[in-house]
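Colleague: Sequence and predicted model, in that order:
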Amino acid sequence: GAGVSQTPSNKVTEKGKYVELRCDPISGHTALYWYRQSLGQGPEFLIYFQGTGAADDSGLPNDRFFAVRPEGSVSTLKIQRTERGDSAVYLCASSFRNERGEAFFGQGTRLTVV
Amino acid sequence: DAKTTQPPSMDCAEGRAANLPCNHSTISGNEYVYWYRQIHSQGPQYIIHGLKNNETNEMASLIITEDRKSSTLILPHATLRDTAVYYCIVRNTGNQFYFGTGTSLTVIP
């Protein structure tokens, strides 16, 4: 595809439910990032993949959050036992392995926990 | 990780240059300065990045001080479509981008 694609664009779920958010990076990009953005705040780093492995997951807030990238392309962010405080826009970005290049962001998934 | 400090908001007259400052006094020698912007309800958009030298592309210019403790993003001829939140980011050696709260730029007709 031409850019980073995130699905769904909007997700409403009930408190306590499990959700999965999908990210399709730009073809050929080996680095993939997940961010979370609350209203009025800048994006908050969650996790960074280089290929299939999580190079840095220090931003995941707790063990209810988990992300995978089994084939080094598509990634899924998984949230268990959702809480109202998880409501935010979840952003995905990808870049080439070259660390000095720019990262390209998707449009995000707006998650609302009711 | 190096932190960045930006003014929370700025105004700029349409057609004038917009100069957005950023302080990053704890930046390390091999950390790059990146600028992104975010228009309401969209994902962040890359603008420019640099290490030591000033950089220019079709969108903007980046001026980095000699001591690298601060930088300025310059939009040479601001348009209404440049109204957005502008983020100055120091990219650490671990490859992550850490965003602050940015500067909300309003271009006034």
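Modeller: Ah, there it is. Numbers count the residues shown, from 1 in each chain, chains lettered A, B, ... in the order given.
Colleague: do you know how far residue B:23 is from residue B:63?
Modeller: 13 Å (C-beta to C-beta, to the nearest Å). Every C-beta, even on glycine, is put in place using the N, C-alpha and C of the backbone.
Colleague: same thing with residue A:40?
Modeller: Distance from residue A:40 to residue B:63, by C-beta to C-beta: 28 Å.
Colleague: Looking at the two, which one has more neighbours?
Modeller: The residue with more neighbours, out of residue A:40 and residue B:63, is residue B:63; 16 against 8, by other C-beta atoms under 10 Å in any protein chain shown.
Colleague: helix or strand for the more buried one, which one?
Modeller: strand B:61-64 (DSSP states H and E).
Colleague: what residues does that strand touch?
Modeller: Contact partners of strand B:61-64, identified using C-beta atoms under 8 Å, 6 or more residues apart in numbering or on different chains, comprise B:33, B:35, B:48-56, B:70-74, B:76.
Colleague: from the residues you listed, which ones fall inside helices?
Modeller: Among the contacts of strand B:61-64, no residue falls in helices (DSSP state H).
Colleague: Just give the number of residues close to residue B:13.
Modeller: Number of residues near residue B:13 (other C-beta under 10 Å) recorded here: 11.
Colleague: cool, and residue B:96?
Modeller: 22.
Colleague: coming back round to it: select only the buried ones of the contacts of strand B:61-64 in PyMOL?
Modeller: Buried residues among those (16 or more other C-beta atoms under 10 Å in any protein chain shown), as a PyMOL selection:
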select buried, chain B and resi 33+35+48+49+50+55+70+71+72+73+74
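Colleague: Return only those of the contacts of strand B:61-64 found close to chain A.
Modeller: residue B:49 (C-beta under 8 Å from any C-beta of the partner chain).
Colleague: correct me, but residue A:15 touches residue A:87?
Modeller: No - contact criterion C-beta atoms under 8 Å: residue A:15 and residue A:87 do not qualify, at 10.0 Å.
Colleague: Same drill for these two, tell me which one is more crowded.
Modeller: Neighbour totals were compared for residue A:15 and residue A:87, and residue A:87 leads with 17 against 12 (other C-beta under 10 Å).
Colleague: can you pull the contacts of the more buried one?
Modeller: Counting by C-beta under 8 Å, 6+ apart, residue A:87 touches A:38, A:111, A:112, A:113.
Colleague: Filter those down to the buried ones and hand me the PyMOL line.
Modeller: Remark: buried members of those, expressed as a PyMOL selection using 16+ other C-beta under 10 Å:
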select buried, chain A and resi 111+113
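Colleague: tell me which of the contacts of residue A:87 is nearest to residue A:97?
Modeller: residue A:111 (29.2 Å; C-beta to C-beta).
Colleague: Okay, the nearest residue to residue B:69 once chain neighbours are set aside and chain A: tell me how far apart.
Modeller: Of all residues not flanking residue B:69 in the chain, residue B:25 sits nearest, at 4.4 Å (C-beta to C-beta, 6 or more residues apart in numbering or on different chains). Using C-beta to the nearest C-beta, to the nearest Å, residue B:25 is found at 19 Å from chain A.
Colleague: Can you list the low-confidence ranges for the chain?
Modeller: I'll assume chain A. Where chain A drops to pLDDT under 70, the residues are A:1, A:98-100.
Colleague: Can you look at chain B instead?
Modeller: B:1-2, B:93.
Colleague: let's go with 90 and repeat that
Modeller: Applying pLDDT under 90 to chain B flags the ranges B:1-3, B:26, B:28-31, B:40-41, B:53, B:90-101.
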